[in-house]
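S.K.: pasting a predicted model and its sequence here:
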Amino acid sequence: MHIAEGYLPPLHSLAWGLAAAPFVVHGARAVVRQVREDPDSRLLLGAAGAFSFVLSALKLPSVTGSCSHPTGTGLGAVLFRPPVMALLGTIVLFFQAVLLAHGGLTTLGANVFSMAIVGPWVAYGAYRLTRAAGGGLELGVFFAASLGDLATYCVTSVQLALAFPDAATGVLGAAAKFGSIFAITQIPLAIAEGLLTVLMIRLLVRVSPAELTRLGVLPAPAATTAPSTRTGA
């Protein structure tokens, strides 16, 4: 999801930036609303952004000289829903481009669209479907993190294929080739990211149960009624 600086044609970079912009603006409004309605959630917002920054900054060698990365966006999508992650992911990708030379400013829109928009929405959808099917919190978080990661790389494969279609098989053939290259390392990496995110949610359940309850991740404790003091006549 870190397409390098200058790697995409200018028109592609512009198109992906325009496609991502409405989601980022909506995400900024969602973050402002979240902080206004629940100021105590600022620490968890920071933790979700930091988790994504650290995981997606890892560079793990892949084949043909490329690299694979976790994304870390599944956690924030579960905690705060995808619009919030659109802004947090944009901030993460911007600072990685400026400070770590991961990605680039001309390709920021494309990277945001794959990692900060599509990835979180797929993650949140997987989480909700798992919970609706009777799965527990940890299973839902695992599928959210894993499938959100894979969805990011599927979109990146399409982005690269649109920019560099195969001479014989066109865009579809190029997308299949890019996807197969990523899959060698990304499938096991997505599973590892899912397990790591489960460990993170376990920690949050232990140290911040009240915050998770306010966010709707944990159910509210059942109300208890005091025993009656009335005695029969």
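M.R.: Ah, there it is. Residues are numbered from 1 along each chain as shown.
S.K.: just the pLDDT for the most centrally placed residue in the chain.
M.R.: Closest residue to the average C-alpha location of the chain: Thr73 at 2.2 Å, with CA atoms, centre = their mean. Confidence per residue is given as pLDDT, and for Thr73 that number is 94.
S.K.: now do the longest helix seen in the chain: distance to the chain's middle.
M.R.: Taking residue count as the measure and DSSP state H as the definition, the longest helix of the chain comes out as helix 170-207. Relative to the chain's own centre, helix 170-207 is displaced by 10 Å; criterion: CA atoms, centre = their mean, to the nearest Å.
S.K.: over to stretch 202-209?
M.R.: Taking the mean C-alpha point of stretch 202-209 and that of its whole chain, the gap between them comes to 20 Å (CA atoms, centre = their mean).
S.K.: where does the residue nearest to Ala220 when sequence neighbours are not counted sit, in terms of helix or strand?
M.R.: By the measure of CB to CB, 6 or more residues apart in numbering, the closest residue to Ala220 outside its immediate chain neighbours is Thr213, 5.7 Å from it. C-beta coordinates here come from the backbone N, C-alpha and C atoms, glycine included. Following DSSP states H and E, one finds Thr213 within helix 209-214.
S.K.: for that helix, give me every contacting residue.
M.R.: With contacts defined as CB atoms under 8 Å, 6 or more residues apart in numbering, helix 209-214 is touched by Asp38, Asp40, Ser41, Leu43, Leu44, Leu79, Leu204, Val205, Leu218, Pro219, Ala220, Pro221.
S.K.: what subset of those is buried?
M.R.: Among those, those that count as buried by neighbour count (16 or more other CB atoms under 10 Å) are Ser41, Leu44, Leu79, Leu204, Leu218.
S.K.: what pLDDT, on average, does stretch 7-17 get?
M.R.: Stretch 7-17 shows an average pLDDT of 94 in the prediction.
S.K.: in contact with Ala97, which residues?
M.R.: With CB under 8 Å, 6+ apart, Ala97 has these contacts: Glu5, Gly103, Gly104, Leu105, Leu108.
S.K.: show me what contacts the third one?
M.R.: The neighbourhood of Gly104, defined by CB under 8 Å, 6+ apart, consists of Ile3, Ala4, Glu5, Gly6, Tyr7, Ala97.
S.K.: relative to Ser114, which of these is nearest.
M.R.: In terms of CB to CB, no member of these lies closer to Ser114 than Ile3, at 8.3 Å.
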